[in-house]
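Participant: Just to be clear, the model below is a prediction. Sequence and coordinates:
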Protein chains: 2
Amino acid sequence: MVARGDARRERIIAVAFQEFTAFGFRGASLARIADGAGITQPGLLHHFPGKAELLIAVLHERDQRDGQRIGIDLDGVTPWPRLFDDLRALVDFNSRVPGLVQLFTVLNGEAVTDGHPAREWARERYRRLIEHADRSLRAGVEAGELKADLDTLACAQRLFAVMDGLQQQWLLDPDRVDMPRAFGAFLAEVERSVRA
Amino acid sequence: MVARGDARRERIIAVAFQEFTAFGFRGASLARIADGAGITQPGLLHHFPGKAELLIAVLHERDQRDGQRIGIDLDGVTPWPRLFDDLRALVDFNSRVPGLVQLFTVLNGEAVTDGHPAREWARERYRRLIEHADRSLRAGVEAGELKADLDTLACAQRLFAVMDGLQQQWLLDPDRVDMPRAFGAFLAEVERSVRA
DNA sequence: TAACAAACCTACTGATTACTCGGTTGGCTT
DNA sequence: AAGCCAACCGAGTAATCAGTAGGTTTGTTA
């Protein structure tokens, strides 16, 4: 009976992913999620103790799945040319999965509100991503390949600021924002300016 | 009796501003807003036909108030060096009013969800801001002061992407993000790279 | 085969949601 | 003084919200 339970959990998470993407955490309804998963509401709450925990489960599942797909080792030190390639590939991929981008955009925005269950998750996620990029750039500086006076932390923050800012504009107005192109151009500019 | 009505409207909008900032549109409660404004819920709905219209009223009021404060003429053509100064001043100001930044961040994120009343507002706002910056840069190109092959639209989009992306990071982790400094450094970099 | 527990269900809770109906009040205009 | 209307309020509306209590089914394991 373990197998059936696991399958159900996956189904619930998949439906919850869509619900949170469409309406955010506050706009999401457990009743609709249960319905979509072909289960009653108490049945849903047998698998997850509450709405907040369900959201966290969805986010963790996404982190894990996307982490291994994109193949970036967030704990190691990626050589900086590889970092830029990885980011380019990530944005290219994202441009083909607007739903995924929407989930992250909506929840990042919602996360700054009072008492939001994803606040911690959002902050830690940014810290991880930025520190990873920062390490790459610092290694490049130490190897003498990048400018010695490069502000690596500010540069790392900027990389993800542009990525997220373009996602926001792209979701609101896809016809006017060529996200991969705009991000690629930005990266090229950065690559030129950081070289020693 | 007109004066009292106007004062009440202003009071309602001020309280609603805080409520939408703290909880977003979906998380906001008309009952709490009415309470904070010292009025009953039907009393509130006498002034605004519904929750969506109240949100729009708050956003329009903010647009108007902030528009005249920052002194940017969105319809005219700002000389590009002035554009950069204006943006710098805007980010400096924003760093002193986190509540205001939070309202815009939360609503921009929420706006991409299904059937959100601020979707149109968010899209039009970006269009206005980006077109304004784009016109500035194009004028600079035509005057021969900026690179002839500068992609002015992509550059304009990037300016606001960085601004919003840094706001997001700053709200989540104010200790690790020096927003005005990071944005200033970015602008300096842009200014160097766009010059003819 | 007996015990056990995971995986559900029905039925319900009280709270909250945005919003409506049908008033009353009180100041301004004619 | 009569009439009018903006500015409210009390009392509800039906719907939805997340979550609970307590029981039943069903497969696994001892």
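Facilitator: Yep, it's here.
Participant: Stretch A:73-90 and chain B, any residue contact?
Facilitator: No - if you take CB under 8 Å from any CB of the partner chain as the test, stretch A:73-90 misses chain B, and the best it gets is 13.5 Å. From N, CA and C alone the C-beta is placed, and that goes for glycine too.
Participant: Which of the residues in that stretch are classified as buried?
Facilitator: Judged by neighbour count using 16 or more other CB atoms under 10 Å in any protein chain shown, the buried positions of stretch A:73-90 are A:78, A:80, A:83, A:84, A:86, A:87, A:90.
Participant: Correct me if wrong: the last one contacts residue A:70.
Facilitator: Yes - under the criterion of CB atoms under 8 Å, residue A:90 lies in contact with residue A:70, with a separation of 5.7 Å.
Participant: Which residue is the nearest non-sequential neighbour of the residue in chain A that DNA strand C sits nearest to?
Facilitator: Residue nearest to DNA strand C within chain A: residue A:5 (1.7 Å; CB to the nearest atom of the strand). Closest residue to residue A:5 apart from its sequence neighbours, by CB to CB, 6 or more residues apart in numbering or on different chains: residue A:47 at 7.4 Å.
Participant: next one: residue A:183
Facilitator: Excluding the flanking residues, the one nearest residue A:183 by CB to CB, 6+ apart is residue A:91, at 4.5 Å.
Participant: Would you mind giving both backbone torsions of the one you found?
Facilitator: The phi and psi torsions at residue A:91 (degrees, to the nearest 10) take the values phi -70, psi -40.
Participant: Same check on the one 5 residues further on?
Facilitator: Residue A:96 adopts backbone torsions of phi -100, psi -10, taken as degrees, to the nearest 10.
Participant: From residue B:187, how far off is it?
Facilitator: In this structure, residue A:96 and residue B:187 are separated by 32 Å, where distance is defined by CB to CB, to the nearest Å.
Participant: Which residue of the two possesses the greater neighbour count?
Facilitator: Looking at residue A:96 and residue B:187 with other CB atoms under 10 Å in any protein chain shown, you find the greater number of neighbours at residue B:187, namely 19 against 9.
Participant: host element of the closest residue to chain B within chain A?
Facilitator: Per CB to the nearest CB, residue A:109 is where chain A lies closest to chain B, at 1.6 Å. Mapping residue A:109 onto the secondary structure by DSSP states H and E places it in helix A:98-111.
Participant: Mind listing what's buried along that helix?
Facilitator: Buried residues in helix A:98-111, defined by neighbour count with 16+ other CB under 10 Å: A:98, A:100-111.
Participant: Then stretch A:6-21?
Facilitator: Burial within stretch A:6-21, assessed by neighbour count using 16+ other CB under 10 Å, is assigned to A:8, A:12, A:13, A:15, A:16, A:17, A:18, A:19, A:20, A:21.
Participant: hey, where'd the helices end up in chain A?
Facilitator: Remark: helices of chain A, listed N- to C-terminal, are A:2-27, A:30-36, A:41-47, A:51-70, A:80-94, A:98-111, A:119-142, A:152-172, A:179-194; assignment by DSSP state H.
Participant: mind listing what the residue nearest the centre of chain A touches?
Facilitator: Most central in chain A under CA atoms, centre = their mean is residue A:104, positioned 5.4 Å from the mean C-alpha point. Residues in contact with residue A:104, defined by CB atoms under 8 Å, 6 or more residues apart in numbering or on different chains, are residue A:167.
Participant: one step back: hmm, the helix holding residue A:109 in reach of DNA strand D?
Facilitator: No - Helix A:98-111 lies apart from DNA strand D when judged by CB under 7 Å from any atom of the strand; the minimum separation is 13.8 Å.
Participant: Check the offset of that helix from the chain's centre.
Facilitator: Relative to the chain's own centre, helix A:98-111 is displaced by 8 Å; criterion: CA atoms, centre = their mean, to the nearest Å.
Participant: residue ranges with poor pLDDT in chain A?
Facilitator: The model of chain A has pLDDT under 70 over residues A:1-3, A:71.
Participant: can you list the domains in it?
Facilitator: Using automatic domain parsing, the domain parsing of chain A gives A:1-58, A:71-196.
Participant: which of those domains is buried the deepest?
Facilitator: Counting by mean count of other CB atoms under 10 Å in any protein chain shown, domain A:71-196 has the highest mean neighbour count of these, with a mean of 18.
Participant: how much space between residue A:80 and residue A:104?
Facilitator: 24 Å.
Participant: Ignoring the adjacent residues along the chain, who's closest to residue A:20?
Facilitator: Here the residue nearest residue A:20, using CB to CB, 6+ apart, is residue A:28, at 5.2 Å.
Participant: err, residue A:12, not the other one
Facilitator: Ranked by CB to CB, 6+ apart and with sequence neighbours excluded, the top spatial neighbour of residue A:12 is residue A:37, at 4.6 Å.
Participant: ok, that neighbour touching residue A:17?
Facilitator: No - the criterion here is CB under 8 Å, and residue A:37 misses it with residue A:17 at 11.1 Å.
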